[in-house]
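Trainee: Below is the sequence, then the predicted model.
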Amino acid sequence: QVQLVESGGGSVQAGGSLRLSCAASGLLFNIYTMGWFRQAPGKEREFVAAIGWSNSITYYTDSVKGRFTISRDNAKNTVYLRMNSLKPEDTAVYYCAARKGPYTSDARTYDAWGQGTQVTVSS
């Protein structure tokens, strides 16, 4: 059974940083595309970042480019999202997701999801 467990969320002031982690189990982690999505109150879930099996292939939504960095440690079955220069509009529940296939930003194509971790950025 695939399980994804996020951690690292919290409350920070604008301009601050957080690092989210997602520990995966029950899957061949190193063949999965891993993604981070977020959902703010009253809004649809949106793509944030994704990483292929190799750390050299990463994708970001425009609003986080230059501020967020996705990475993975295949030996630890863990994917990370480093978030710098956080803005109030980054406030959302952040979800980790796994996809057995190439990158997409479409949440419907991901096979497994974590429970989410709250990130709150105050101005």
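Mentor: Perfect, I can see it now.
Trainee: Roughly how far does the spatially most central residue of the chain sit from L18?
Mentor: With distances taken as CA atoms, centre = their mean, W36 lies nearest the centre of the chain, 2.3 Å away. From W36 across to L18, the span is 12 Å (CB to CB, to the nearest Å). No exception for glycine: its C-beta is placed from N, CA and C like everyone else's.
Trainee: returning to that earlier point: just list whatever residues bridge to the residue nearest to the centre of the chain.
Mentor: Judged by DSSP bridges, the bridge partners of W36 are A49, C96.
Trainee: Y95 is in contact with that one, correct?
Mentor: Yes: assessed by CB atoms under 8 Å, W36 is found in contact with Y95 at 7.1 Å.
Trainee: Can you name the residues that contact the residue nearest to the centre of the chain?
Mentor: L20, C22, V48, A49, A50, I70, V79, L81, Y94, Y95, C96, A97 (CB atoms under 8 Å, 6 or more residues apart in numbering).
Trainee: Buried residues of the strand or helix carrying the first one, list them for me.
Mentor: According to DSSP states H and E, L20 maps onto strand 18-25. Along strand 18-25, the positions that meet the burial threshold by neighbour count (16 or more other CB atoms under 10 Å) are L18, L20, S21, C22, A23, A24.
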